[in-house]
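Colleague: Sharing a sequence plus its predicted fold:
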Amino acid sequence: MSVIAVALVNWNDLWKIILTALVGGTGVVIVFGLLLLTISRGRTATKPTTRYGLYMLSGLCGIVVIAVAAIGIYAMTQKPSSTKPKPKAAVATLAPARATELHAVRTT
């Protein structure tokens, strides 16, 4: 079974995809968690400058999360298509001479 899988799966590219998905997915979750944390800390902040700074940081985190989601959707819609097969050359099919003669005899 593993011999067949080696021929069908490009393992180097598969590991790149898995690593990218893991890092990207974890990164988005961490940034979204930071967004929620800064919003909750901003609500309880006593100084206005601290509150505005935390809200600005939460806004930046929100922009990053939305941008990553938009990039992901764009990447899914713009995936490269597979190569299309070349059209086959037109093959001329000739009817055998005997068949056309028989058809001519039958019609008369």
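Modeller: That came in fine, so what should we check first?
Colleague: Centre-most residue in this structure?
Modeller: What sits nearest the mean C-alpha location of the chain, by Cα atoms, centre = their mean, is residue 76, with 2.7 Å.
Colleague: What score does that one have for pLDDT?
Modeller: Turning to residue 76, the model gives it a pLDDT of 85.
Colleague: and it, what element?
Modeller: helix 48-77 (DSSP states H and E).
Colleague: Counting by contacts, list what that helix packs against.
Modeller: Counting contacts by 3 or more Cβ pairs under 8 Å, 6 or more residues apart in numbering; DSSP states H and E, helix 48-77 packs against helix 11-44. Glycine gets a C-beta too; all of them are placed from N, C-alpha and C.
Colleague: how far is the helix it packs on from where the chain is centred?
Modeller: When C-alpha coordinates are averaged (Cα atoms, centre = their mean, to the nearest Å), helix 11-44 and its chain have centres 18 Å apart.
Colleague: and if you look at stretch 71-87?
Modeller: Centroid separation for stretch 71-87 versus its chain: 8 Å, with Cα atoms, centre = their mean.
Colleague: Can you name the residues in contact with stretch 30-43?
Modeller: 50, 51, 54, 55, 57, 58, 61, 62, 64, 65, 68 (Cβ atoms under 8 Å, 6 or more residues apart in numbering).
Colleague: Can you select the buried ones from these in ChimeraX?
Modeller: For the buried members of the contacts of stretch 30-43, the matching ChimeraX selection, counting by 16 or more other Cβ atoms under 10 Å, is:
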select :54,55,57,58,61,64,65,68
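Colleague: Pick the one among the contacts of stretch 30-43 closest to residue 13.
Modeller: residue 68 (21.7 Å; Cβ to Cβ).
Colleague: which residues sit in contact with that closest one?
Modeller: With Cβ under 8 Å, 6+ apart, residue 68 has these contacts: 24, 27, 28, 31.
Colleague: any idea how far the nearest residue to the second one once chain neighbours are set aside lies from residue 23?
Modeller: Residue nearest to residue 27 in three dimensions, not counting chain neighbours: residue 68, with 7.7 Å by Cβ to Cβ, 6 or more residues apart in numbering. Separation of residue 68 from residue 23 (Cβ to Cβ, to the nearest Å) stands at 11 Å.
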